[in-house]
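*Asks:* Give me coordinates for this.
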Amino acid sequence: MLDINFVENNLDYVKKQLNKRGLDFSLEIDFIVKLNIERKNVLKDVEIKKSLKNSLSKEIGLLMKNNELDKVEKNKNQVNELNSDIEVLDKKLFSIINKLNEKLLYIPNIPNEHMPIGLSDEDNPIIKVWNSDNLVKHKKPHWEIASQLNLVDFESGPKLSGSRFVVYKEQGSKLVRALTNILLDKHISVGYKEITVPLIVNAAAMQGTGQLPKFEEDAYKVGEQYLIPTGEVPLTNLHANEILDYKKLPIKYTTFSQCFRKEAGSAGKDTKGLIRLHQFNKVELVKITDQESSFNELELMLVDAESILQLFNLPYRIVELCTGDVGFSSTKTFDIEVWFPEQNKYREISSVSNCIDFQSRNMATRYKTKDGKTKLVHTLNGSGVAIDRLVGAILENYWDGEKLILPEILKAWFDNQEYIK
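*Replies:* I've put the predicted structure just below:
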């Protein structure tokens with residue numbers, strides 16, 4: 001969540017930046033600032049009354065020594081009245097703080113000052129294009145290729161679980177396993193530590209990274225817990241409520257996990273194939289950094305993510321997300337989009353974001369600076385990459401009309417075969 005004191009002290013700036021997201025947050029911001037002023041006034045009253053109570057309580061001891069019993073009784077009555085007042089004010093303060101935090105949890109992160117202005121993904125500027133000189137083009141979608149090669153069973157998934165679920169088979173399962181190992185090994189080679197995380201987390205973890213309460217309808221709930229929508233949630237929360245040593249930063253984690261999303265706002269989109277599934281495979285990247293280096297670490301994470309597509313020689317481009325497309329928790333995001341020949345366009349396969357202190361404030365993840373000060377860490381996350389989409393991109397880009405030519409890096413996983421047919 002946002003720092004309410006920063007919001008109050010920079011009211012016009014915060015409104016201006018948030019409204020660039022394409023919605024008007026002015027009323028919400030005014031309301032939370034009003035709540036914060038009320039919180040401070042009540043807190044001031046509580047502190048005044050507690051101070052007076054302490055003074056009266058100290059006086060009672062002196063009055064008892066001097067045997068001034070009438071004054072002792074008067075002070076005790078005043079203390080009792082103050083206790084009642086303080087109890088009422090404490091309850092009021094607790095209610096205000098809860099309401100304030102509840103409202104703040106629905107306010108997104110502030111876009112950075114240099115973020116491109118726009119309303120949708122159509123306004124995202126292209127930052128880089130790679131290997132686009134000879135783009136493959138054909139009319140065979142990856143789901144038809146996968147079915148023809150007996151790699152994916154698109155009928156058994158719905159039979160077992162419903163729409164947007166798939167079953168990988170034989171060499172298709174091997175392909176997912178191979179890709180997972182290749183991706184993890186690559187990230188580990190540049191300093192990420194591999195972690196295996198639970199697929200079910202509690203509400204506090206989901207709130208920590210900003211999924212709750214705003215996006216609860218997109219989450220699968222299991223009792224009072226949630227299936228993870230991305231490995232970002234457990235990885236980032238590993239250091240919730242901790243104070244880290246600055247010497248250990250940046251912390252770099254990677255994990256492979258299955259992820260679960262209801263895709264509540266995606267009805268009718270990508271109903272076929274591997275692009276938009278309720279259960280999907282992903283290698284995630286997370287960094288926890290100090291406040292000074294996070295934007296530089298974002299650029300390095302982007303390089304780490306795009307290096308995966310270079311391993312497979314897949315054409316891709318990088319776009320910077322505009323104010324109307326950037327995610328809820330992010331202050332700066334790059335998307336990597338891989339080429340899909342049948343669709344004749346680039347599709348997102350990785351998103352790399354800097355959330356600065358937006359998540360760490362929820363999680364109370366801090367670090368001690370060199371001079372002993374305690375500050376909130378900055379958190380970054382990125383896909384490294386979405387494996388099902390990578391499968392789809394490989395199928396379409398390496399299809400020669402009859403068989404799947406295997407990328408060089410995959411051949412060792414398939415007994416040095418040249419292709420799958």
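*Asks:* which SS class is the closest residue to residue 111 other than its chain neighbours?
*Replies:* Distance criterion Cβ to Cβ, 6 or more residues apart in numbering; nearest residue to residue 111, sequence neighbours excluded, is residue 323 at 4.9 Å. Glycine gets a C-beta too; all of them are placed from N, C-alpha and C. Reduced to three states with DSSP: H, G, I helix; E, B strand; the rest coil, the structure at residue 323 is coil.
*Asks:* Look up phi and psi at residue 323.
*Replies:* phi -60, psi -30 (degrees, to the nearest 10).
*Asks:* now swap in residue 290 and tell me
*Replies:* Residue 290 has phi and psi values of phi -80, psi 170 when expressed as degrees, to the nearest 10.
*Asks:* same question, residue 399
*Replies:* Comment: the main-chain dihedrals of residue 399 come out as phi -80, psi 130, following degrees, to the nearest 10.
*Asks:* The one 5 residues further on now?
*Replies:* For residue 404, the backbone dihedrals are phi -100, psi 110 (criterion: degrees, to the nearest 10).
*Asks:* show me what contacts it?
*Replies:* Contact partners of residue 404, counting by Cβ atoms under 8 Å, 6 or more residues apart in numbering, are 145, 149, 394, 395, 398, 419, 420, 421.
*Asks:* for the stretch 251-400 of the chain, which spans come out with low pLDDT?
*Replies:* 265-266 (pLDDT under 70).
*Asks:* Where do the strands of it begin and end?
*Replies:* All strands of the stretch 251-400 of the chain, identified by DSSP state E, counting those that start in this stretch, fall at 251-260, 279-289, 316-320, 332-340, 345-354, 366-368, 374-376, 378-386.
*Asks:* What helices and strands are in contact with the fifth one?
*Replies:* It stands for strand 345-354. helix 294-311, strand 316-320, strand 332-340, strand 378-386, helix 387-397 (3 or more Cβ pairs under 8 Å, 6 or more residues apart in numbering; DSSP states H and E).
*Asks:* Ok, which of these comes nearest residue 199?
*Replies:* Across the helices and strands packed on strand 345-354, the minimum distance to residue 199, taken as Cβ to Cβ, is reached by helix 387-397, at 15.3 Å.
*Asks:* chain center to the closest one: distance?
*Replies:* Computed by Cα atoms, centre = their mean, to the nearest Å, the chain-centroid distance of helix 387-397 equals 24 Å.
*Asks:* quick one: secondary structure of the nearest residue to residue 286 once chain neighbours are set aside?
*Replies:* If the residues on either side of it in the chain are set aside, residue 286 comes closest to residue 235, at 4.1 Å by Cβ to Cβ, 6+ apart. In the three-state summary, residue 235 is assigned as helix, counting by three-state DSSP.
*Asks:* Run a quick neighbour tally on residue 235.
*Replies:* Neighbours of residue 235 under the rule other Cβ atoms under 10 Å: 26.
*Asks:* The helices and strands packed on strand 345-354: which one's closest to residue 88?
*Replies:* Ranking those by their distance to residue 88 (criterion: Cβ to Cβ) puts strand 378-386 first, at 38.8 Å.
*Asks:* Show me what the closest one packs onto, helices and strands only.
*Replies:* The elements that strand 378-386 packs onto, with contact taken as 3+ Cβ pairs under 8 Å, 6+ apart, are helix 171-189, helix 232-237, strand 279-289, helix 294-311, strand 345-354, helix 358-363.
*Asks:* Would you tell me which one of these is buried the most?
*Replies:* Greatest average neighbour count among these goes to helix 232-237 (a mean of 27), per mean count of other Cβ atoms under 10 Å.
*Asks:* Whichever helix or strand comes after that one - which strands sit beside it in the sheet, and in what orientation?
*Replies:* Proceeding N to C from helix 232-237, the next assigned helix or strand is strand 243-245, under DSSP states H and E. Strands flanking strand 243-245 in the sheet, each with its direction: strand 366-368 (parallel) (DSSP bridges).
*Asks:* Buried residues, the partner strand. List them.
*Replies:* By neighbour count, and taking 16 or more other Cβ atoms under 10 Å as the criterion, the buried residues in strand 366-368 are 366, 367.
*Asks:* Grab the nearest non-local neighbour of residue 156.
*Replies:* Taking Cβ to Cβ, 6+ apart as the measure, residue 156 lies nearest to residue 167, with 4.3 Å between them; neighbours along the chain are not counted.
*Asks:* Quickly list what that neighbour is bridged to.
*Replies:* Taking DSSP bridges as the rule, residue 167 bridges to residue 153.
*Asks:* okay, now it: neighbour count?
*Replies:* 16.
*Asks:* can you pull the contacts of it?
*Replies:* Residues touching residue 167, when contacts are defined by Cβ under 8 Å, 6+ apart, comprise 152, 153, 156, 157, 160.
*Asks:* could you redo the last one with a cut-off of 7 Å?
*Replies:* By Cβ atoms under 7 Å, 6 or more residues apart in numbering, residue 167 lies in contact with 153, 156, 157.
*Asks:* correct me, but the first one touches residue 173?
*Replies:* No. With the criterion set as Cβ atoms under 7 Å, residue 153 and residue 173 do not qualify as a contacting pair; they are 10.5 Å apart.
*Asks:* circling back: what subset of the contacts of residue 167 is buried?
*Replies:* Neighbour-count burial within the contacts of residue 167 applies to 153, 157; the criterion is 16+ other Cβ under 10 Å.
*Asks:* Now distance to residue 180 and pLDDT too, for the contacts of residue 167, in CSV please.
*Replies:* Rendered in CSV, the data for the contacts of residue 167 read as follows (distance: Cβ to Cβ, whole Å; pLDDT from 0 to 100):
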residue, distance to residue 180, pLDDT
153, 19, 98
156, 21, 98
157, 19, 97
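*Asks:* picking that back up, which one of the helices and strands packed on strand 345-354 lies nearest to residue 32?
*Replies:* Across the helices and strands packed on strand 345-354, the minimum distance to residue 32, taken as Cβ to Cβ, is reached by strand 378-386, at 22.5 Å.
*Asks:* three-state assignment of the nearest residue to residue 93 once chain neighbours are set aside?
*Replies:* In space, residue 93 comes closest to residue 42 once its chain neighbours are excluded; the distance is 4.9 Å by Cβ to Cβ, 6+ apart. State at residue 42, reduced to three classes by three-state DSSP: helix.
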